[in-house]
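> sequence unknown, structure follows:
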């Protein structure tokens, strides 16, 4: 891994900016978190991105000969540090930041305007501002693959299927146990709307940060006796909720977790109490996908790779990072095809690349990622691209995928996305792009 | 030799009591301001201006606010971030809901609302002291964040509770670039810091210090306890509120209530302890220390790693940074419990005598 | 109102309160003996639990792991006393408080370097599911683990009370707490006393770490349990060991009551601030806390 200091790098940029640019490198910052309460998520996700990029460098010699480089910057999941890392990485030689993965809803919000002004695309895969899926208002923000709102609709659908049809929802009870923050409140409007549509009774219950004590919330659950519980947690809140559910005797099979509740790190601390818990996901775990085998062969077999603890290889966060790596590299490849093969690209060109991504089943097979992630097609109108979600169940030792990719309620989500984006555009005085005029 | 006050005679009380009585201090101050206002914007790049200097100034202002309360009036508070949150969200609402509201007016409204909240949560200080009061101000910290999260009005009913600050426009000029935002922040902070410095030299400031040093004695000599303590809370929260508004409008642009966590309160408390309790300049030094140290450590560890050409796993680097950060704080407390500002004072004393100490 | 549900909430709250008390005890011990408000107590809990669970996963025998962890905590106590506290004797409380915040950064950094930041599960072999006969008879859910936690807390408090009031070291501790200089001048070895207190606090941290770790998993978030203990401290008084228990019970019960019965009306999540406001309201009536020592100002 290259570790260049800013000072050195800045000096180098002055002295030999042109020379470096010809060295054919593409810089992708890794602004994440490796310490603190959320370290498992940060280190896992960025471990995946970096492993994938390292594999592409080793196996293919980079993207058409352009090597991928990166540098880690510690954000501690803190907005101010995230902005500092962003500012530090955006002019990093040789190309500047190609794309940013903030891996924090808060940091994403803080960067939306800055990155748009700086022409650096943001990929917020499965977090961030849902309404950024409207690419007309948010040209530089890409909540790729799927969003919280899509996910909420798929959850309701999954539960409906389990009961034997959506009409069975009538008169049923649904409880949402959510982290009391911007992140946790995200699904409430969608679930409320669907409650009207399907006739279930919906009760959101807030858990104050950090959520390490949930007696009161689960006693409420016990009193309501819901048919289903959605768990919208983060960090320690997840195992605590599972333990508390066991303590009030609520069946774990009836608990559906958001994808930030559905990693190994979320269930292992809960021990046996986690068995049967179901979680949504837009990536599947596992070390057997061809792409994962390539990472094993080209990176780990050579004694490199991000994880010292090999048991984390192929974990949920790791493969999620690999998916992040795939969309990043694919977009770079696409942008190169348009703006010059074998040449480093700029943030603006990267934006074009992401906006024209089309990872279909055929491409997925070529990438060796069939089943790892859903097919995804991005357009100027739609920055989300698929909305597909899978469900997985914890069997006590590992996550087992139990459904195929499931479709969200696109109409409902899209209507809300457009309404929210339009309001943002009005507040900010943005004229939405006309997508028919985009290339 | 250079720093000598011999020969500087004061012939009136006004001269004797001016804010910087020594000529060299005045020159130093003018040079400092000139550097901050003219040199920095011309040579500073965007990274320095928007990621380091602007947040540094904003937290300095909050640190001044806390220093007024804790350093001068002796009331320990752990609710600084909550007052900043009130300032940020109320400035946003003032700008949103009052048509034609000038942005500086919104900042002031934000500050005043914070002051009002400060007075309410300052009331317990009439009965309780020390750590009991500190933990009581935590009530303010948690309650305010909860209320902002819960009541949709504060964030204009945005589904996630996140607000996006409006354009900063004064007399038709839009402050959009990092340089202009830096200059605006710098101007506001300079003016407010000077005001604070003067206020602490006034009767109000002396009353604060009397309460800090011994409150029973202060009330015996006729300082109104309730009025003074609540005034300290109000002024302090006003400063924090304006700092919060600047945090939202000139620094991050978009804030959620979670940006103002207890963590931020602690950081600001760190700043005044490391910088110097009861010193305006100490607030700046402390803010610089706490803001810059982690970044400096980060750069230093990169340099060390590349100099030795070894690869250290990033997690270890980050953890070592945390250890060094904590260790340095302990070290400073041991070496100079009165803060870095005290070191500066000692240096000044030494300079006066130099090169012939006795 | 459903009576049995009311009792269930009450019982749940009291049992949650016991868990808060376990953490609060560590604070009280150090405050009582050295006048230090030890913010690093949460980090000690984290360190102790992580050290223990890592050894357990490495195949070390349960009791041996406890002993080794205890030894680690004692060594840590000695080092903290030497490096941090001794140079700060007679400094204002706020300075000592800040030093412990610095200490918490150091402890958390060291723990994560040695043992990593991945969460671990911890099974103490005590069931944390409702006892069937009780829920059948009374419809109240209480687990064996709850009872075990209550028992542990009770034993700890009794042992500490005996230690403080009946032993020589305990009396010396109380003397030191009253006045550093006076204690020094009558020949009480301040350093030894502080070392002992920090070691005992380390032991309490280990117990709290085990109990909380078994509930939530052993991970960084264990450091946050300190925040749950603060309102307990205000209510119970910083210097009182019984206060930590009684305060914990009151805070636990009232917080759960408030969340379940008031929470839904105002949107929920009031647990984050309710205990603080309750403690605050209580302080206005009794500024020294429930069992705190009344301080009379003299000029």
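Done, it's in. Since the model is a prediction, treat every value here as computed from it, not as a measurement. Residues are numbered from 1 along each chain as shown, chains lettered A, B, ... in the order given.
> CA atoms for contacts and neighbours, from now on please.
Fine.
> Chain B contacts on the stretch 101-250 of chain C?
Residues of the stretch 101-250 of chain C lying close to chain B (Cα under 8 Å from any Cα of the partner chain) are C:101-110, C:112-113, C:230-231, C:234.
> I'd like the distance between residue A:192 and residue A:217.
Distance, residue A:192 to residue A:217, by Cα to Cα, to the nearest Å: 19 Å.
> Please tell me which one of the residues of the stretch 101-250 of chain C next to chain B counts the most neighbours.
In terms of neighbours by other Cα atoms under 10 Å in any protein chain shown, those top out with residue C:234 at 32 neighbours.
> before we move on, the earlier item: residue A:192 and residue A:217: which is more packed in?
Neighbours per residue (other Cα under 10 Å) separate residue A:192 from residue A:217, with residue A:217 holding more: 24 against 15.
> and the more buried one, that's in a helix?
Yes - checked against DSSP: H, G, I helix; E, B strand; the rest coil, residue A:217 lies within a helix.
> so what's it up against?
By Cα atoms under 8 Å, 6 or more residues apart in numbering or on different chains, residue A:217 lies in contact with A:177, A:205, A:206, A:207, C:259, C:260.
> ok, of those, which one's closest to chain B?
residue A:206 (10.1 Å; Cα to the nearest Cα).
> ok, the closest one - how many residues close by?
The burial count for residue A:206: 26, using other Cα under 10 Å.
> before we move on, what SS does it have?
Secondary structure, three-state DSSP: residue A:206 is strand.
> How about the contacts made by it?
Contact analysis of residue A:206 by Cα under 8 Å, 6+ apart lists A:177, A:178, A:179, A:180, A:217, C:267, C:268, C:269.
> hang on, residue C:250 in a helix?
Yes - under three-state DSSP, residue C:250 falls within a helix.
> Show me which residues of the stretch 51-200 of chain B are close to chain C?
Checking the stretch 51-200 of chain B against chain C by Cα under 8 Å from any Cα, the hits are B:124, B:127-128, B:132, B:135-136, B:138-140, B:142-143, B:146, B:150.
> So which of those residues belong to helices?
Among those, the residues falling in helices (DSSP state H) are B:132, B:135, B:136, B:138, B:139, B:140, B:142, B:143, B:146, B:150.
> State the number of residues packed around the residue of the stretch 151-299 of chain C found nearest chain A.
Nearest to chain A, among the residues of the stretch 151-299 of chain C, is residue C:217, at 4.0 Å (Cα to the nearest Cα). Residue C:217 is flanked by 33 other residues according to other Cα under 10 Å.
> got a list of what it touches?
Residue C:217 is in contact with A:236, A:239, A:240, A:268, A:269, A:270, C:119, C:120, C:121, C:122, counting by Cα under 8 Å, 6+ apart.
> Check which helix or strand the residue nearest the centre of chain B maps to.
The centre of chain B sits closest to residue B:63, judged by Cα atoms, centre = their mean, with a distance of 2.3 Å. Per DSSP states H and E, residue B:63 falls inside helix B:54-66.
> ok, for the residue of the stretch 151-299 of chain C closest to chain A, nearest residue in space, not its chain neighbours?
Spatial nearest neighbour of residue C:217, chain neighbours left out: residue A:269 (4.0 Å); criterion: Cα to Cα, 6 or more residues apart in numbering or on different chains.
> Just list the residues touching residue A:123, thanks.
By Cα under 8 Å, 6+ apart, the residues touching residue A:123 are A:99, A:100, A:101, A:102, A:141, A:142, A:143, A:144.
> On the pLDDT front, check it for me.
Residue A:123 is assigned 94 on the pLDDT scale.
> Give me the distance between it and chain C.
Residue A:123 sits 26 Å away from chain C, going by Cα to the nearest Cα, to the nearest Å.
> And for that residue, nearest residue in space, chain neighbours not counted?
Spatial nearest neighbour of residue A:123, chain neighbours left out: residue A:142 (4.8 Å); criterion: Cα to Cα, 6+ apart.
> just residue B:338 next, same as before
Computed as Cα to Cα, 6+ apart, the closest residue to residue B:338 that is not its neighbour in sequence is residue B:276, at 5.6 Å.
> How many residues are close by that neighbour?
Neighbourhood size, residue B:276 [other Cα under 10 Å]: 26.
> List the contacts of it.
Here residue B:276 is in contact with B:282, B:283, B:286, B:338, B:339, B:340, B:341, B:342 (Cα under 8 Å, 6+ apart).
> sorry, back to before: confirm the residue nearest to residue C:217 sits in a helix?
Yes - the assignment for residue A:269 (three-state DSSP) places it in a helix.
> pretty sure it contacts residue C:118?
No - contact criterion Cα atoms under 8 Å: residue A:269 and residue C:118 do not qualify, at 9.8 Å.
> quick one: contacts for the spatially most central residue of chain A?
For chain A, residue A:125 is the residue whose C-alpha lies nearest the centre (Cα atoms, centre = their mean; 2.9 Å). Neighbour list for residue A:125: A:101, A:103, A:142, A:143, A:144, A:145, A:146, A:147, A:324 [criterion: Cα under 8 Å, 6+ apart].
> between those residues, which has the most around it?
Using other Cα under 10 Å as the neighbour test, the contacts of residue A:125 are led by residue A:142, with 31 neighbours.
> which residues sit against stretch A:240-254?
Stretch A:240-254 has contacts (Cα under 8 Å, 6+ apart) with A:211-215, A:218-219, A:222, A:227-229, A:231, A:267, A:270, A:273-278, C:128-130, C:141-143, C:215-217.
> now with 7 Å?
A:212-215, A:218-219, A:222, A:228-229, A:270, A:273-278, C:128-130, C:141, C:215-216 (Cα atoms under 7 Å, 6 or more residues apart in numbering or on different chains).
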